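Colleague: what's the 3D shape of this:
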Amino acid sequence: MTRLSPLALMLTAAVLWAAPLAAATWRPGSDAELADALAGAAAGDEIILREGRWSGPLVLDKPLVLKGEPGAVVDGGHAGHVIEVDAPDSTVTGLEITRSGADLDRMDSGVFLTKKATRARVEGNRLTDNLHGIRVQGAKDSLVARNTIVGRLGRQAELGNGVTVWNAPGAVIEENDITQGRDGIFVTVSKKNVFRANRMRNTRFAIHYMNTSDSEVIDNDSRDNSMGYAIMFSDRLRVTGNRSENDRDYGFLFNSANRSVLTGNTVIGHPASPDRWRDMGQSSEEGVPAAEPGSDHVAPQKCVFIYNANKNRFTGNRFQGCGTGIHFTAGAEGNKVSRNDFVNNRVQVKYVGTRTLEWSEDGVGNYWSDNAAFDLDGDGLADSVYRPNDMVDKVMWTAPQARMLLTSPAVQIIRFAQSRFPAVLPGGVTDSAPLMFPNSERPLP
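Modeller: Numbering: from 1, shown residues only. Model prediction:
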């Protein structure tokens, strides 16, 4: 038998002494035993809750895994946070979490991650009847994924958000299904966050972005909200592959959001019926989808509203069926807009200004469904410049009561003169190389 030297024995003993003990698994059978487990568990231990109702509030003040078997419910009794995580590297998973308090100042939540909860994971839970579903209050590098969150109903000023992120660099919010409440996801004063593949329904804003830069908003789906994506006071964002469908007011709002890239996004609007267009003094366009019978939606909706947002790049997006495709205002300058599809919007572009904005890049512009153009050389680009607005449009924007004159001979003569004498056109958006086909049908390099 091989004998170990004294030195080898000492080293072996030191390694064994320094090795961590295996994580323990706790299976409490009552609320009292759960309290004992939370108090007695060591860092890294796992606490498994069996089927049944467990009383909150619960506090994880050390790195633990709190896991629920099917049917396990943690009930906060409408008092404070249902589960508060106050330690790094903790996990909350597999639970139904319900009935937080209703104190907005205290930010009562189904799951509340404090600043100490770095790298926390909140995955695969169902959260119902909470003021805030999940609040990430300074927890850096945390993950909120694959949760179902159903917010409360009531006065919006008294509601919380599905997921709230405050000053949590590196946090990732992905694949959550969020309905009701105030905003689906609200983030403020943060950076380097990722919001990916979330689904939001019946909220105020699907994603509400404030003072959060160098982040990504990717492959999210917003439907039937008051607004899809409200991006404010944030720079250097990548907004890619998101969808907004039937959001009432705007698909995307960019307010003081600068130097960002927006590609592959889709906004599908829900304009009013042709009868409502006539009631508003406007004519409907063939192919614009009508509202459902009995709908009271009047289609002031904008696919995109850009307010004082500068040096952004819009490419490869589709804006369809809105009252206005894109509305530019308040000095939004230096934005590049090319290779987008503008399909069946009542007004393709609204630009209240006198500067000329060229919306093509490297000899390629955008597709405009109302552009009756020719392509004699067969290069996929129209042979004439497209101008979405004219002098009459600007009169209508500044004096809406003049809409009753839209079909008058005088207005038609003005529009005819502008088409024959481009020098009388006001400044505004021009596309010198409009596409003959949508990008989806004929993508260009």
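Colleague: so how far is stretch 59-77 off the chain centroid?
Modeller: 29 Å (C-alpha atoms, centre = their mean, to the nearest Å).
Colleague: buried residues, that stretch. List them.
Modeller: Buried residues in stretch 59-77, defined by neighbour count with 16 or more other C-beta atoms under 10 Å: 59-60, 62-68, 72-76. To be clear about C-beta, it is placed using only N, CA and C from the backbone, and glycine gets the same treatment.
Colleague: residue ranges of each domain in the chain, please.
Modeller: 56-202, 204-390+425-444 (the TED database).
Colleague: among the buried residues of stretch 59-77, which ones are in helices?
Modeller: Of the positions in those, not one sits in helices, assigned by DSSP state H.
Colleague: rewinding a little: deepest in the core, which of the domains of the chain is it.
Modeller: The highest mean neighbour count among these, using mean count of other C-beta atoms under 10 Å, belongs to domain 56-202: a mean of 21.
Colleague: chain center to that one, what's the gap?
Modeller: Remark: domain 56-202 is offset 17 Å from the chain centroid, using C-alpha atoms, centre = their mean.
Colleague: kindly list the longest strand within the chain.
Modeller: In the chain, taking DSSP state E as the definition, the longest strand is strand 205-213.
Colleague: strands paired with that one, and their directions?
Modeller: Strand 205-213 sits in its sheet next to strand 185-191 (parallel), strand 227-232 (parallel), going by DSSP bridges.
Colleague: pLDDT below threshold where in the protein?
Modeller: Scanning the chain for pLDDT under 70 picks out the ranges 1-21, 270-300, 330-331, 390-427, 442-445.
Colleague: want to throw the buried residues of stretch 59-77 into CSV with distance to Arg135?
Modeller: Shown next, in CSV, are the buried residues of stretch 59-77 (distance: C-beta to C-beta, whole Å):
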residue, distance to Arg135
Val59, 15
Leu60, 15
Lys62, 20
Pro63, 20
Leu64, 19
Val65, 20
Leu66, 17
Lys67, 21
Gly68, 20
Ala72, 21
Val73, 20
Val74, 16
Asp75, 18
Gly76, 13
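Colleague: re the thing from before, now the domains of the chain in TSV, please, with extra columns for distance to Gly44.
Modeller: Putting these into TSV (distance: least, C-beta to C-beta, whole Å) gives the following:
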stretch	distance to Gly44
domain 56-202	6
domain 204-390+425-444	31
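Colleague: in the protein, mark out all the helices, start to finish.
Modeller: 6-18, 31-40, 274-279, 391-398, 409-420.
Colleague: so which of the strands paired with strand 205-213 is nearest Val85?
Modeller: Set against Val85 and scored by C-beta to C-beta, these come closest in strand 185-191, at 17.8 Å.
Colleague: list the contacts of the closest one.
Modeller: Residues outside strand 185-191 that contact it (C-beta atoms under 8 Å, 6 or more residues apart in numbering) are 161-169, 171, 173, 176, 178, 193, 195, 198, 200, 205-215.
Colleague: do stretch 333-343 as well
Modeller: Counting by C-beta under 8 Å, 6+ apart, 306, 309-321, 325-326, 328, 348-349, 357, 359-362, 364-369, 388, 435, 438-440, 444 sit against stretch 333-343.
Colleague: quick check: Arg99 touching His81?
Modeller: No. Counting by C-beta atoms under 8 Å, Arg99 stays clear of His81, with 11.0 Å between them.
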